[in-house]
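Undergrad: Mind folding the following:
(chains A, B, C, D, E and F)
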Protein chains: 6
Amino acid sequence: MLDKMHIEKFIERALEEDMPLGDITTDNLIPEASVSKAKFIAKAPGVLAGIGIAKLVFLKLDPETKFTILIEDGQKVDKGAIIAEVEGNTRALLKAERTALNLLQHLSGIATAANLYVEELSKTGGSNQNCSKAEGSGARIADTRKILPGLRLLDKYAVRAGGARNHRFSLSDGVLIKDNHIKACGSISAAIKKIRALVPHTLKIEVETADLDQVREALDAGADIIMLDNMDTKTMAEAVKIISGKAITEASGNVNLERLSEIASTGVDLISVGAITHSAAALDISMKFI
Amino acid sequence: MLDKMHIEKFIERALEEDMPLGDITTDNLIPEASVSKAKFIAKAPGVLAGIGIAKLVFLKLDPETKFTILIEDGQKVDKGAIIAEVEGNTRALLKAERTALNLLQHLSGIATAANLYVEELSKTGGSNQNCSKAEGSGARIADTRKILPGLRLLDKYAVRAGGARNHRFSLSDGVLIKDNHIKACGSISAAIKKIRALVPHTLKIEVETADLDQVREALDAGADIIMLDNMDTKTMAEAVKIISGKAITEASGNVNLERLSEIASTGVDLISVGAITHSAAALDISMKFI
Amino acid sequence: MLDKMHIEKFIERALEEDMPLGDITTDNLIPEASVSKAKFIAKAPGVLAGIGIAKLVFLKLDPETKFTILIEDGQKVDKGAIIAEVEGNTRALLKAERTALNLLQHLSGIATAANLYVEELSKTGGSNQNCSKAEGSGARIADTRKILPGLRLLDKYAVRAGGARNHRFSLSDGVLIKDNHIKACGSISAAIKKIRALVPHTLKIEVETADLDQVREALDAGADIIMLDNMDTKTMAEAVKIISGKAITEASGNVNLERLSEIASTGVDLISVGAITHSAAALDISMKFI
Amino acid sequence: MLDKMHIEKFIERALEEDMPLGDITTDNLIPEASVSKAKFIAKAPGVLAGIGIAKLVFLKLDPETKFTILIEDGQKVDKGAIIAEVEGNTRALLKAERTALNLLQHLSGIATAANLYVEELSKTGGSNQNCSKAEGSGARIADTRKILPGLRLLDKYAVRAGGARNHRFSLSDGVLIKDNHIKACGSISAAIKKIRALVPHTLKIEVETADLDQVREALDAGADIIMLDNMDTKTMAEAVKIISGKAITEASGNVNLERLSEIASTGVDLISVGAITHSAAALDISMKFI
Amino acid sequence: MLDKMHIEKFIERALEEDMPLGDITTDNLIPEASVSKAKFIAKAPGVLAGIGIAKLVFLKLDPETKFTILIEDGQKVDKGAIIAEVEGNTRALLKAERTALNLLQHLSGIATAANLYVEELSKTGGSNQNCSKAEGSGARIADTRKILPGLRLLDKYAVRAGGARNHRFSLSDGVLIKDNHIKACGSISAAIKKIRALVPHTLKIEVETADLDQVREALDAGADIIMLDNMDTKTMAEAVKIISGKAITEASGNVNLERLSEIASTGVDLISVGAITHSAAALDISMKFI
Amino acid sequence: MLDKMHIEKFIERALEEDMPLGDITTDNLIPEASVSKAKFIAKAPGVLAGIGIAKLVFLKLDPETKFTILIEDGQKVDKGAIIAEVEGNTRALLKAERTALNLLQHLSGIATAANLYVEELSKTGGSNQNCSKAEGSGARIADTRKILPGLRLLDKYAVRAGGARNHRFSLSDGVLIKDNHIKACGSISAAIKKIRALVPHTLKIEVETADLDQVREALDAGADIIMLDNMDTKTMAEAVKIISGKAITEASGNVNLERLSEIASTGVDLISVGAITHSAAALDISMKFI
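TA: Predicted coordinates:
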């Protein structure tokens, strides 16, 4: 699901950053022919993401490494679970260890955080993985662009591994008309009309709205997606009623676990949450030499 | 304090990632000549880091941008504090907004987390910024290599902004002899002897120890720094007594806020904490157009 | 409309390719301080695209160059028209000349070719720049991914300068379900259902169809865009009738100027044409020193 | 004949451009283990160029791909001819398809265009592949620097595949003294004298001339190659007579198929044609899944 | 001992530089299937460095190449010694030849120069490979940052192959307090105190001193390494006596083979010599086809 | 004379290599606003090359730096001569110092070595800067491809600054037919005939010969340049007589200062010397803060 060419370059840069001149301890002390074994062990429960990437880190340093994945991305792990086993050149194992763990812990942290929201939603009426209204009600969790430079594809992948959905990837592949854009064009309808003529017809047009007037204007102007930004629950419910399935609805702003069921109860299609990427704590995973 | 050439390349790549084909909404809807103003406002209390980097993001897109920093990195901010003001080309402001905020929130999150540990330490006898024993007792918080690819220099900078210290930057600029290295060489003393002859004399030699026997062996072998890894408090105190200032001591493993004063009480010089980089939540900061 | 950061890097690489070791004739024979003037003259009629890019080529080599654009991109030029004037360091002018002309001629060639199709359409009922059915009937010309490596953004920009529209930019920012995808999923409906759950909700789902059965299946499955691939005019007209505005329709395959009005008469929304990018002849433009 | 290291990097960049985030349709809908077969079929007659490059595109995405070339570069293909067969991972086949075809069609388009000129020449007395006067008379077709950025080596390769010859590759590896250079040095002879002392002795010195006086001056000054720029046929014939084999002669400017035999009749050694690279239409070739 | 990932990129760039468009002689004249054998022969005595790198140059161009190393890096070679044998694709052999030889000759030149100093030292009391005072007296030769761009890791590797030691690798991984730094901080002691609080505790602090007052001040301030810069032998001896093993001592400036034993007699720990990298003549080695 | 775009990238990489994480001493100890002055002083006599490059190193780190060149490249300097003065930000000065000096000393070392050969030649009949036989007899010194990776353009520039000439820059921009090529083609004449048809007509064809039979064959086959490889003086003189001005002659192999006048006396046009690039000692130049 992740583009291999992209990931391999990413890993190469990561390893170069961590050893611009090699690992001076390992290169000088471990014999070139030495071979070792190690295991990846979960030290806390969570949802796994990035074990395939961790594997590529080891393979990058030594293509002969045997790396056996025991638990796949997207699966839940309990504390103590053995996630993978690795066997190969000791130098390569020692050099890859920290970079692999950093990525695995970070991505699993995001998957775990995303999954927490998804599960919370499912309690309150069921999370719905599909955006077509036809397939039943229920909101879905979506990510945002609140992601650190260089990590976009990986973090978005971890979000999916956690059971949530991706919003646009960048400013280039999705249209989101905000306040400034509306002012510059005079009205929501003028903005939509103008942009529709200029971007590929393959993209939906999303408009950010702050109140019910804007919601109505966006709806009339043919917005494909209407973001309900920082609205209180009552207004949001009203907005969803007004839109009534004629556009996809997205709740955004001030979302947290506590408020989630309330937001979902308004009937919105998507709830976007920055915290699942910008504030997820790493999932504790260790690599133990045997 | 951060190398400008490095940061500018980093920012360039970050912006390219967020708009490989430009910002299709802004480029199509905002007139090229439009000018706007905005403020950066703290929405939660914390320690600031990255405002200078945020400024460079805006300048990268438009060198004419006026960006006035009101609170400097390393300072504490209260909720509601106005951190900076920016005025310039509207397109540039809209394009830079998310990338600048992502970095600023992330780095301030790290500075805030680091500072939490530093302040906790200072309660229990005072944090000591300097590693020379001669200058008084007191432990210091140090970071680790538990940092995501591409963010190393920035995260380490944020750690310093939070009042903590940096450990080695990479596998290339510091020697850390671990279990595998010791086994490969036969003994701690053989490992130290070998490595000292091979790396620049400008580097100190650090050895990871798990028990008091290893501590004694490392000390006898002339280790410059002795890491006390995952030791219980009693053993750690014993180790510090044995070492008795003849090497720098570093506590590592299972460090958290609760245990911090106890660890510090052992007399160790440094306490390294992975969580300040791998699990710091973003500090909530927003950019408001005026 | 074109991302400046991207274009400047493109130009830098172009100039490096044309003079990996400098211009050995000019560097050795023209005094460093020499200054010259030149004009860009159209030697054939067409639609201009790329004059702003040509300007950046000169500015890259000497930021002091005065480059006055007299005719803007998107405008028609007659044979003999003076498009721009340039004045500056002679070395820079001589080095930039060919690279600037190559790009300007190529992009104007594409704009001219695209415009030929747009104008042909407008004769037969009017080209419609906007994809929303609400805004009136009439087909629009769209481009394809039949574009050479490295030139994607520029060629797509030239297409817009010629009055036509862009299709998706890459395999990453648009969904197009083809025969192989349908087979792998069992049915169009299974494919749409699966993909909708996995890609950002900001993207429309396009399905390629070869006959009316597939058209009906795609429509029932909720396709946002239905490509009518290599259909004869009669079948295409039937398909448009069946779809009846419930999805965007796109005619593709065997499109040429002769068949254009016939295709447009079927009522399709978009007609995609590979030839406007892969086979456009360069527009003849020269740079004359004065 | 094409440097493999260069081509592989070129292909890598091309694929990255076409799928910065992967092929979202294929990655999500085609099972990883799926295998397919396809054929490359000429849909119009022409001269082939780039089939080896097309092969490398597939191998880049999956080194296991079986790609059987049935017709080699430089050979003529008839409409309907099967050029190659490919068998391998379906995902790789679908992702490589457009990039491979774009290159193959473009390069074959150039080879076909170049060959058209070469064949036209051969009717009028025979094209001569070798530049040494000793080996008999007859002009040869040469290319120019009218080539798009990034495509230089490939396009020049396609020119050779079409039976024509390459002119200098860049401003760095050939000397061409033009009007501006002559003026700056005072005379052709001063320019030649100066440049000969400054560039490697391995390079021939070419001078662009516009009339017979300049031809004579260039000849007297020891020019190795004399370009007869935009001369009418009579003047060109006169120039060739004057030069009388003491320098290589190159006709340039206003060359087209119609005027070709006339130009060749003057006895020039080389006729350079920009159109074979800047305006060649793609050769229609398709990839059909079986 | 050299990071393979780094070296392979270095070699790739080196080959690209030497054949941006391939080897036009070889690509056009040598059949693709041709196979050859050659030997590397020392044409002068010296210490070898870089034969493993030379091997990688050949493998980069053709992974099938058989390259048998007969003499390892760090060993002495006599005139006429056969260093390695290579067998493989003729084109690859011809293309790799010069790049491989350039590196091998250069690195062996450095190893030979470094070894000359090391051997000279060993005559005068023995060179000591280890920096710990405990292991006996005797100075060691160290390199400097007087190394050309791009060659740092290789040259430093060659220094080690010649039996000498590396100083810091860059301005980023070692602290060296010089005159300007001292002035800016007011005193050596202020400078040391300040820097110790800001750089990783894994780095030793070195101070450059010009006279005995500075030596004393540096010593009192706790400098880990004291550079005795451009001191006459008598002052240097005095300085070593004052320091008396409480810091590592490094002689620097005006070092040459003649003065070496005199400098060593002062008892300094390290003698750094720029000439072994910036002025080492290439060791004459040739590649003979058999 | 050196391509600025190329040099600036080179300098950027050089500085990044020397301070991947900044200059940790200077960044931490020197105030950001501090300003200083320094001079570049020759500490040995020689020919200068690279002062303009040194200037660019400083400007790269701080575009405000005032750098006054007092002696230009190509000029001779005496011991003690002040070459340039620099004034600007102290941090920038300290960071640029070593990189600038490394380049300046290296390039001046090459210019000085090249000039030594040029002057030696001029004693024995005069060096001739121009390759045309018409301009009088006298050999010229030429460089080779014996140049380290990354330094090609700079080293070749320094060769010219020293008064010598450049041979081909790479395997891509010059033809040199050697033993292996001749064998593969059957004869010198077959090789020349084949290559002439395949490379741009702008390149001269050089053939390496080892004896008079090969010289005659190369001459008959129309070689433009004949290399006399490792010939004794008598054979070389014979060869020059046979060639008699019908091709450029180049002496190569076993060239040193002692044998130079003897080689020149044979009447060869060019004498290529690897030592001026691969074994030139750095010219001693220092930067003194005032």
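Undergrad: Restrict stretch A:55-71 to CA atoms and write it as CSV.
TA: Output of stretch A:55-71 as CSV, limited to C-alpha atoms (Å, rounded to 0.1, in the frame of the first residue of the first chain):
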residue,chain,number,x,y,z
LYS,A,55,12.0,-4.8,7.8
LEU,A,56,13.1,-2.7,4.8
VAL,A,57,15.5,-0.8,7.1
PHE,A,58,17.3,-4.0,7.9
LEU,A,59,17.2,-5.2,4.3
LYS,A,60,18.7,-1.8,3.2
LEU,A,61,21.8,-2.5,5.3
ASP,A,62,22.0,-6.1,4.4
PRO,A,63,19.8,-7.7,1.7
GLU,A,64,20.6,-11.1,3.2
THR,A,65,18.9,-10.4,6.5
LYS,A,66,16.1,-12.8,7.4
PHE,A,67,13.2,-10.8,8.8
THR,A,68,10.1,-12.7,9.8
ILE,A,69,7.0,-10.7,10.4
LEU,A,70,4.8,-12.4,13.0
ILE,A,71,2.1,-9.7,13.4
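Undergrad: Are that stretch and chain B in contact anywhere?
TA: No. Stretch A:55-71 does not reach chain B (C-beta under 8 Å from any C-beta of the partner chain); its nearest approach is 10.1 Å. The C-beta positions use only the backbone N, C-alpha and C, and glycine is treated the same way.
Undergrad: Contacts for that stretch, please.
TA: The contact list for stretch A:55-71 (C-beta atoms under 8 Å, 6 or more residues apart in numbering or on different chains) reads A:4, A:7-8, A:11-12, A:14-15, A:48, A:51-52, A:54, A:77, A:81-89, A:91-93, A:95-96, A:99-100, A:103, E:5.
Undergrad: Give the PyMOL command for selecting the buried subset of those residues.
TA: Listed next is the PyMOL selection for buried residues among these, using 16 or more other C-beta atoms under 10 Å in any protein chain shown:
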select buried, (chain A and resi 7+11+14+15+48+51+52+54+77+81+83+84+86+87+88+89+91+92+93+95+96+99+100+103) or (chain E and resi 5)
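Undergrad: Restricting to the contacts of stretch A:55-71, which residues neighbour chain C?
TA: When C-beta under 8 Å from any C-beta is applied, no member of the contacts of stretch A:55-71 is adjacent to chain C.
Undergrad: In helices, which of the contacts of stretch A:55-71 appear?
TA: With helices taken from DSSP state H, the overlap with those comprises A:4, A:7-8, A:11-12, A:14-15, A:51-52, A:54, A:91-93, A:95-96, A:99-100, A:103, E:5.
Undergrad: ranges for the strands of chain A?
TA: A:35-42, A:46-47, A:66-69, A:76-77, A:82-89, A:140-142, A:175-177, A:205-209, A:225-229, A:248-252, A:270-272, A:285-289 (DSSP state E).
Undergrad: any idea how far residue A:27 is from residue A:102?
TA: Using C-beta to C-beta, to the nearest Å, residue A:102 is found at 20 Å from residue A:27.
Undergrad: now residue A:256
TA: Between residue A:256 and residue A:27 the distance is 47 Å, computed by C-beta to C-beta.
Undergrad: sorry, back to before: more crowded one of residue A:102 and residue A:27?
TA: Between residue A:102 and residue A:27, counted using other C-beta atoms under 10 Å in any protein chain shown, the more crowded position is residue A:102 (25 against 21).
Undergrad: Stretch A:236-253 and chain C, are they touching?
TA: Yes. Using C-beta under 8 Å from any C-beta, stretch A:236-253 comes into contact with chain C via residue A:248.
Undergrad: Tell me the span between the first and last residue of that stretch.
TA: Stretch A:236-253 has its terminal residues 12 Å apart, counting by C-alpha to C-alpha, to the nearest Å.
Undergrad: okay, and for the stretch 51-200 of chain A, where does confidence drop off?
TA: A:124-137 (pLDDT under 70).
Undergrad: Pipe the strands of chain A into a markdown table and attach distance to residue D:192 per row.
TA: Shown next, in a markdown table, are the strands of chain A (distance: least, C-beta to C-beta, whole Å):
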| stretch | distance to residue D:192 |
| --- | --- |
| strand A:35-42 | 67 |
| strand A:46-47 | 74 |
| strand A:66-69 | 65 |
| strand A:76-77 | 76 |
| strand A:82-89 | 61 |
| strand A:140-142 | 69 |
| strand A:175-177 | 59 |
| strand A:205-209 | 63 |
| strand A:225-229 | 68 |
| strand A:248-252 | 70 |
| strand A:270-272 | 69 |
| strand A:285-289 | 69 |
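Undergrad: near chain B, which residues of the stretch 101-250 of chain A?
TA: Residues of the stretch 101-250 of chain A lying close to chain B (C-beta under 8 Å from any C-beta) are A:101-103, A:105-106, A:109, A:145-152, A:170-181, A:184-185, A:191, A:194-195, A:198-199, A:203.
Undergrad: Got a quick PyMOL command for the buried subset of those?
TA: Restricted to buried positions by 16+ other C-beta under 10 Å, the PyMOL selection for those reads:
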select buried, chain A and resi 101+102+103+105+106+109+145+146+147+148+149+150+151+152+170+171+172+173+174+175+176+177+178+180+181+184+185+191+194+195+198+199+203
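Undergrad: From the residues of the stretch 101-250 of chain A next to chain B, which land in helices?
TA: Among these, the members falling in helices are A:101-103, A:105-106, A:109, A:152, A:179-181, A:184-185, A:191, A:194-195 (criterion: DSSP H).
Undergrad: Before we move on, what's the pLDDT of the closest residue to chain F within the stretch 1-150 of chain A?
TA: Closest contact between the stretch 1-150 of chain A and chain F, by C-beta to the nearest C-beta, is at residue A:20 (5.9 Å). pLDDT, residue A:20: 87.
Undergrad: how close does the residue lying closest to it once chain neighbours are set aside sit to residue D:16?
TA: Among residues not flanking residue A:20 along the chain, residue B:172 sits closest, at 5.1 Å (C-beta to C-beta, 6 or more residues apart in numbering or on different chains). With the distance defined as C-beta to C-beta, residue B:172 ends up 29 Å from residue D:16.
Undergrad: again, but for residue A:92
TA: Residue A:92 is 27 Å from residue D:16, by C-beta to C-beta.
Undergrad: same question, residue A:108
TA: 27 Å.
Undergrad: what's the domain layout of chain A?
TA: With automatic domain parsing as the criterion, the domains of chain A are listed as A:4-111+A:280-289, A:117-278.
Undergrad: Which one's more surrounded, residue A:108 and residue D:16?
TA: Remark: of residue A:108 and residue D:16, residue A:108 carries more neighbours, 30 against 16, as counted by other C-beta under 10 Å.
Undergrad: In contact with that one, which residues?
TA: Residue A:108 neighbours (C-beta under 8 Å, 6+ apart): A:46-50, A:77, A:158, A:282-283, A:285.
Undergrad: Over to residue A:23?
TA: Contacts of residue A:23 by C-beta under 8 Å, 6+ apart are A:91, A:94-95, B:171-172.
Undergrad: Kindly report the residues of the stretch 51-200 of chain A close to chain D.
TA: Going by C-beta under 8 Å from any C-beta, the residues of the stretch 51-200 of chain A near chain D are A:153, A:169.
Undergrad: mind redoing it with 10 Å?
TA: A:152-153, A:156-157, A:166, A:169-170, A:172-173 (C-beta under 10 Å from any C-beta of the partner chain).
Undergrad: What is the most widely separated pair among these?
TA: Within these, A:157 and A:172 form the most distant pair, 18.8 Å apart (C-beta to C-beta).
Undergrad: Quick check: closest non-adjacent residue to the residue of chain A most remote from its centre.
TA: Distance to the chain centre peaks in chain A at residue A:31, reaching 40.4 Å (criterion: C-alpha atoms, centre = their mean). Taking C-beta to C-beta, 6+ apart, and ignoring the residues beside it in sequence, residue A:31 has residue B:184 as its nearest neighbour in space, at 6.3 Å.
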